[in-house]
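1. Just the structure for this:
(2 chains)
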Amino acid sequence: MQRVLGNFIHALRQAGIPVSPAETLDAVKTTKLIGLDDKVRLKTALGLTVAKCQEHKLQYELLFDQFFQFATQAVASEKSEVPLDAERGAGSEPTQSLERSLKSSPDLNRQITSLADAVQSPLAQQLMQGDQAAMSIAIAGAGNTVGLNQMQIFTQKPIFTFRMMQQLGMDALNQELRELSQQGNNEALVQLLKTRRKVLREQVQDFVEQQYALFAQAEGQTLRDSNLQSLKFTQVDYQHIDQMTRLVRKAAKQLASLHSRRRKTTRRGFLDARKTITTNAAYGGILFNTRWRARRIERPKVMVICDVSGSVSRVARFLLLFLYSLQDVLPRVRSFVFSGELGEVTDYFDAEDLETAMAKVMNHWANRSTDYGRALTDFETLALGDIDNKTTVIMLGDARNNNGDGNAKVWKQVYQRSRRVLWLNPERSSLWNTGDSIMADFTPYCSQAESCNSLRDLTRILGKLLKYS
Amino acid sequence: MIIRHKDRIASPEIVKSGFDDLGYICSEAIATAVYLACQLQKPILVEGPPGVGKTELAKKTAEYLSAPLIRMQCYEGLDESKALYEWKYGKQLLYTQVLKDQLGSVMQGASGLDESVERLHQFGDIFYSEQFLETRPLLQALREDEGAILLIDEIDKSDQEFEAFLLELLSDYQVSIPEIGTVEAKSKPIVFLTSNNTRELGDALKRRCLHLYIPFPDTQLENRIIASQVPQIAEELRRQLVDFVAALRDMALKKEPAVSESIDWARALLLLNVEELEPQWVKNTLNLLLKYQDDIEVVEPEINRLVRALK
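-> Numbering: from 1, shown residues only, chains lettered A, B, ... in the order given. Below is the predicted model of the structure:
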């Protein structure tokens, strides 16, 4: 019983539901209290203890159904209780195909009883009895013995299938089949055993497949995710954009929850009269210790300027996505995009959801030839006046200006007025200032210029921004 | 907590039917959660949209188990001096005054500083003692002899610091008061925490609780809820009303009408002697269901269609 529950929790963790050991203990207690008889109630009760948000609850419900289809048999096998209605556990396809094969050969069916005594190996006997429930229990048992829940990648499926067949006693069966066919007088029996062996193999394969879906699929996903994190944005395929978007949101959420705590400074500011009086009551009201009002650290005001031309546009997409997923901790983001001319797009993101807003912005502004000079002049008229000493300005661009003038004096003003200027360049720093890149014009007026081309970079840089502001 | 009516929490069915009798029609999940909370002595974190009866659940549980309900409303800036305890400063000040007057007689005959200090130490120090402790809801819940139902309402409104402060209470049913030491619960209270999800709660808090999500009820359940809350309403009207509200919940609204709103609406329709849902009545009473002008503007042109669909 505990083992089955342990396996189930393992499956939940694989699927990304964080179940702590303490919660596992709760789950065990709950199961003891509720009992195993009422499956629906058990599902509700376990859901209360292990899945702690809406999203996890949905996932949990799916997994519960998937898992306990087979696990009910495993519980029964551990208790070595044979009676188990076949519909509950083994109502899957293999049963039906076996029944079909039996129905299609009614004459064989009659002979079975007479032939059943003729076989010796345990598996053969089991096959001849044709007891589906017992067979499923044996399969689940074999699965436990060979450690099916340790499976990690899909190429392991055949080997696990093979091991399970071995565990079930395949060798003895094959041996006996060879002997029987050598004797030559048991053609019908050999044929029947072969059919049933085939059905059994299908059943085992299905079982392995299902267990793979439970335990291993998520593992592969994690592997892919960690690869995508360090992949360059500019190399993300179109088919992976959705996945990447999901990852960006996830990373943003992590960062947000890390920094959602509002930190306080205890720097002296105003006297907290109430606290001072109460702490000094002990000294007869003489004010020994003074207490000061803590001051909350202000969230950074962020202005982000994105180059959305050509190769940079994809990075811009993810940067904007990241920033707007950080709404909880960065409520005041103003965003500007440019390729030729520059425009403010904050309203797009306020009015619509991220995806649509992003698509509109890209349609409207992207794919013109880059002109930093023009863009910065526009920025000067649009927003320079709003920059104060609490503002962080983030520029994302490769500083490739098609040999035009970069208008760096505007950037100098931005640097002087703002609290901090970050320049994120999707190119490696060794490529800066080569060709038509005019990065050198701007770097003197940046608090920090970094190369940023993967989710990992983005998380690191924005994490720092949130931490030290 | 000491539950005087053990039989009342013998199984989820009994809890459910008991709540039914009190007029709180609940789903299987809710009954199971209450059952588990009583049996395992664990707090329940109740989440769900506003108006589905999260607070009501705690109240009804208190009524059902005939235990006192201690309620603490959370808000930003709530700290332990408002939630747990506070010293009675005025009385403490008076105490020091009295002490000063008495000091002379206590010290009489003492020679030298050392002896005086010794005498002072022999003198019982009650400055920080339970006599001067003003209890607040959390401490009060721990001090109830027979346990209590503690409702910590809208925990998501409180600060992160306060959430962390609650952890000790929730897992060990004890709190630390620096001047006195650890105060343990005389009898473990049953704790309900409610949250509207305005911010994500910490994992540490979630881990210590059972997590119950109360969604909007399905039409069948809502029918029963309204029948129990507004028994005088005609069956046909009730059905129409519930279907109408369900249709509203499918629309893209800022705030969907919750159960409490449908109950209010049912009461209003009863008061107005409405026999059948008609567009005119719906239009006039729509502000009971929808709390935003934007939402009302979205729904108003659709009323005719929605009402026709009910018949």
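
2. From here on, just use CA atoms for contacts and neighbour counts.
-> Will do.

3. Pull the CA coordinates from the strand or helix carrying B:Gln220 and hand them back as CSV.
-> Secondary structure here is read from DSSP states H and E; on that basis B:Gln220 sits in helix B:219-229. Output of helix B:219-229 as CSV, limited to C-alpha atoms (Å, rounded to 0.1, in the frame of the first residue of the first chain):
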residue,chain,number,x,y,z
THR,B,219,-26.4,24.3,-11.4
GLN,B,220,-27.7,21.4,-9.5
LEU,B,221,-25.9,22.3,-6.3
GLU,B,222,-26.7,26.0,-6.7
ASN,B,223,-30.4,25.0,-7.0
ARG,B,224,-30.2,23.2,-3.7
ILE,B,225,-28.3,26.1,-2.1
ILE,B,226,-31.0,28.6,-3.1
ALA,B,227,-33.8,26.3,-2.1
SER,B,228,-32.3,26.0,1.3
GLN,B,229,-31.6,29.7,1.7
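
4. show me where the stretch 51-200 of chain B has helices.
-> B:54-64, B:80-83, B:89-107, B:112-122, B:137-143, B:160-172 (DSSP state H, counting those that start in this stretch).

5. Local confidence estimate at residue 83?
-> Just so you know, I chose chain A. Model confidence at A:Pro83, expressed as pLDDT, equals 39.

6. wait, I meant chain B there
-> B:Ala83 is assigned a pLDDT of 88 by the prediction.

7. How many residues are close by it?
-> Residue crowding around B:Ala83 was assessed by other C-alpha atoms under 10 Å in any protein chain shown; the count is 18.

8. next one: the one 3 residues further on
-> Number of residues near B:Glu86 (other C-alpha under 10 Å) recorded here: 15.

9. Hmm, it is touching B:Thr135, no?
-> Yes: taking contacts as C-alpha atoms under 8 Å, B:Glu86 lies within contact range of B:Thr135: 6.7 Å.

10. looking just at contacts, which helices and strands does the helix holding B:Gln220 meet?
-> Secondary-structure packing of helix B:219-229 (3 or more C-alpha pairs under 8 Å, 6 or more residues apart in numbering or on different chains; DSSP states H and E): helix B:235-250, helix B:259-271.

11. ok, and what's touching the shortest one?
-> Residues external to helix B:259-271 that are found in contact with it (C-alpha atoms under 8 Å, 6 or more residues apart in numbering or on different chains): B:51-53, B:216-217, B:222, B:226, B:229-230, B:232-233, B:238, B:241-242, B:245, B:285, B:288-289.

12. now the longest one
-> The list of residues contacting helix B:235-250 from outside it, by C-alpha under 8 Å, 6+ apart, reads B:219, B:222-223, B:226-227, B:256-257, B:262, B:266, B:275-277, B:299, B:306-307, B:310.

13. what does chain B have sitting close to chain A?
-> Residues of chain B lying close to chain A by C-alpha under 8 Å from any C-alpha of the partner chain are B:28-29, B:32-33, B:36, B:40, B:89, B:92-93, B:96-97, B:127, B:160, B:200, B:206-213.

14. Mind checking which of those residues land in strands?
-> The strands in this structure, assigned by DSSP state E, contain B:210-213 from the residues of chain B next to chain A.

15. Starting from chain A, give me the distance back to the spatially most distant residue from the centre of chain B.
-> Ranked by distance from the centre of chain B (C-alpha atoms, centre = their mean), the top residue is B:Ser111, with 59.5 Å. In this structure, B:Ser111 and chain A are separated by 25 Å, where distance is defined by C-alpha to the nearest C-alpha, to the nearest Å.

16. Read off the pLDDT value for A:Glu219.
-> As predicted, A:Glu219 sits at a pLDDT of 69.

17. about what we covered before: now the residues of chain B next to chain A: which count as buried?
-> B:29, B:32-33, B:36, B:89, B:92-93, B:96, B:127, B:160, B:206-213 (16 or more other C-alpha atoms under 10 Å in any protein chain shown).

18. isn't there a helix covering A:Val393?
-> No: counting by DSSP: H, G, I helix; E, B strand; the rest coil, A:Val393 is not part of a helix but strand.

19. Considering helices and strands only, name the one in chain A with the lowest mean pLDDT.
-> Of all helical and strand segments in chain A, the minimum by mean pLDDT, DSSP states H and E falls on helix A:86-90, at a mean of 39.

20. helix, strand or coil for the residue in the stretch 51-200 of chain A that chain B sits nearest to?
-> For the stretch 51-200 of chain A, the residue closest to chain B is A:Lys52, as judged by C-alpha to the nearest C-alpha, at 5.4 Å. Following three-state DSSP, we place A:Lys52 in the coil state.

21. Burial check on it, number of neighbours?
-> The number of residues packed near A:Lys52 is 24, by other C-alpha under 10 Å.

22. Let me see the contact set for it.
-> B:206-207, B:210-211.

23. at 7 Å what do you get?
-> Taking C-alpha atoms under 7 Å, 6 or more residues apart in numbering or on different chains as the definition of contact, the neighbours of A:Lys52 are B:206, B:211.

24. can you check A:Leu342 too?
-> Contacts for A:Leu342 were tallied using C-alpha under 7 Å, 6+ apart; they are A:336, A:375, A:378-379.

25. What separation do you get for it and chain B?
-> A:Leu342 is 34 Å from chain B, by C-alpha to the nearest C-alpha.

26. Could you give the bridge partners of that residue?
-> The bridge-partner assignment for A:Leu342, based on DSSP bridges, gives A:Phe338.

27. What score does A:Val50 have for pLDDT?
-> In this prediction, A:Val50 has a pLDDT value of 90.

28. For it, grab the count of nearby residues.
-> As a burial measure, the neighbour count of A:Val50 was computed by other C-alpha under 10 Å and equals 27.

29. repeat for the one 3 residues further on
-> The burial metric for A:Cys53, expressed as a neighbour count using other C-alpha under 10 Å, is 17.

30. With B:Asn223 instead?
-> B:Asn223 sits with 20 neighbouring residues when counted by other C-alpha under 10 Å.

31. Enumerate the residues of chain A near chain B.
-> When proximity is defined by C-alpha under 7 Å from any C-alpha of the partner chain, chain A lies next to chain B at A:23, A:44-45, A:48-49, A:52, A:261, A:278, A:281, A:284.
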